[in-house]
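Asker: Predicted model, plus sequence, below.
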Amino acid sequence: MIIDSHVNLHGERFAEDLDDVILRAREAGVSHMLNICCNIKDFEAVIAIAEAHDHIWATVGTHPHDAKDNPDLTADTLIDMAAHPKVVGIGETGFDFHYGYSTRDDQIANFAAHIEAARETQLPLVIHTREADELMLDTLQKSGAGQDYPALLHCYTSGEALAEWAADAGLYFSVSGIVTFKNAHDVRARIQVMPDDHIMLETDCPYLAPVPHRGRRNEPAFLTHVADGLADVKGWTRAETEDRTNAAFFRLFKKITA
């Protein structure tokens, strides 16, 4: 049994064969999936998949790329939507200054609303961070991440200082198919120092397909390769990897019933 803590099943990439994708995941031993909301406008599509499947859950939020689409998003709006019984987290949210799809100011305001919603609901904040280490670290420190609200740094590829602070603060990390990429030496180095009991698995499908599927559409059934990659880096057996990552998932996402 393994758990995919970050999937994007509601998009057009899965529109034609979603049922088959979910079936293949079950056959591969994926027991639970967390479908991530990356834009408030997509929430109905995200939650519909969770409602249709006992083993699929959902979040509510807006990705930093799409912060421009929700410039007036409030914590109250997120809190109201998070009252749905299958919503177990806030996000995906954060900072991403790589492409500049949304302005810095829009991203900061958007992230602040998500943080407040996580604080009020005590649902985990699912964080995306890219090329924003200094601002992310400052924001998380000042907002009391890990103490005032639980948080997860998903698909972690950022720097050492942020990772070390997050580990000390009790934040969680998720590991994606990047762990299997030939040249992802820095990512593997970060994983080696992540707390063993605060790591979980994800595919981030349809993106970031692991080796040997790299370049293809990613799907939850490929999570087995991510698990093997994490096991190699940590020196764990496959059974240890499953036990540790599953326990971390349920410890963080307390609203989920097994």
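Answerer: Perfect, I can see it now.
Asker: quick one: average confidence on the longest helix along the chain?
Answerer: If you go by DSSP state H, the chain has its longest helix at helix 104-121. Helix 104-121 carries an average pLDDT of 97.
Asker: buried ones in that helix?
Answerer: Residues of helix 104-121 classed as buried: 106-107, 109-119, 121 (neighbour count, 16 or more other Cβ atoms under 10 Å). C-beta here means a position set from N, CA and C on the backbone, and glycine is covered the same way.
Asker: As CSV, the residues you listed with distance to residue 63 would be great.
Answerer: Below are the buried residues of helix 104-121 laid out as CSV (distance: Cβ to Cβ, whole Å):
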residue, distance to residue 63
106, 12
107, 10
109, 14
110, 9
111, 11
112, 15
113, 13
114, 10
115, 15
116, 18
117, 15
118, 15
119, 20
121, 19
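Asker: ok so, going back, got the contact list for the longest helix of the chain?
Answerer: 61-62, 64, 67-68, 70-71, 73-75, 77-79, 82, 90-91, 93-97, 102, 123-125, 135, 139, 143-145, 148-151 (Cβ atoms under 8 Å, 6 or more residues apart in numbering).
Asker: How about stretch 241-258?
Answerer: Under Cβ under 8 Å, 6+ apart, the answer for stretch 241-258 is 1-3, 5, 31-32, 34, 57, 87-89, 123-124, 150, 152, 172, 196-201, 227-228, 230-231, 234, 236.
Asker: Now that stretch: buried residues?
Answerer: By neighbour count on 16+ other Cβ under 10 Å, the buried set for stretch 241-258 is 241, 242, 244, 245, 246, 248, 249, 252, 253, 256.
Asker: quick one: which of these is nearest residue 41?
Answerer: Nearest to residue 41 out of the buried residues of stretch 241-258 is residue 253 (Cβ to Cβ; 23.9 Å).
Asker: ok, that closest one to residue 57 distance?
Answerer: Separation of residue 253 from residue 57 (Cβ to Cβ, to the nearest Å): 7 Å.
Asker: Give the intersection of the neighbour lists for those two.
Answerer: With contacts taken as Cβ under 8 Å, 6+ apart, residue 253 and residue 57 have 34, 88 as neighbours in common.
Asker: Does residue 24 touch residue 219 like I think?
Answerer: Yes - proximity of residue 24 to residue 219 meets the contact threshold set by Cβ atoms under 8 Å, at 6.7 Å.
Asker: neighbour count winner among the two?
Answerer: Higher neighbour count among residue 24 and residue 219: residue 219, with 26 against 15, using other Cβ atoms under 10 Å.
Asker: From the contacts of stretch 241-258, which land in strands?
Answerer: Judged by DSSP state E, these include 2-3, 5, 31-32, 34, 57, 87-89, 152, 172, 199-201 as members of strands.
Asker: re the thing from before, please produce CSV containing the buried residues of stretch 241-258, extended by distance to residue 215, pLDDT and secondary structure.
Answerer: Formatted as CSV, the buried residues of stretch 241-258 follow (distance: Cβ to Cβ, whole Å; pLDDT from 0 to 100; DSSP: H, G, I helix; E, B strand; the rest coil):
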residue, distance to residue 215, pLDDT, secondary structure
241, 25, 98, helix
242, 27, 98, helix
244, 29, 98, helix
245, 25, 98, helix
246, 29, 98, helix
248, 29, 98, helix
249, 28, 98, helix
252, 31, 98, helix
253, 31, 98, coil
256, 32, 94, coil
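Asker: got the buried residues for the helix or strand where residue 23 lies?
Answerer: Element membership for residue 23 (DSSP states H and E) is helix 18-27. The neighbour-count check on helix 18-27 (16+ other Cβ under 10 Å) flags 18, 21, 22, 25 as buried.
Asker: just curious, which of those residues is nearest to residue 205?
Answerer: Closest approach between the buried residues of helix 18-27 and residue 205, by Cβ to Cβ: residue 21, at 8.3 Å.
Asker: okay, and for the stretch 151-258 of the chain, where does confidence drop off?
Answerer: Judged by pLDDT under 70, the stretch 151-258 of the chain has its weakly predicted residues at 258.
Asker: again, 80 this time
Answerer: By pLDDT under 80, the weakly predicted segments of the stretch 151-258 of the chain are 257-258.
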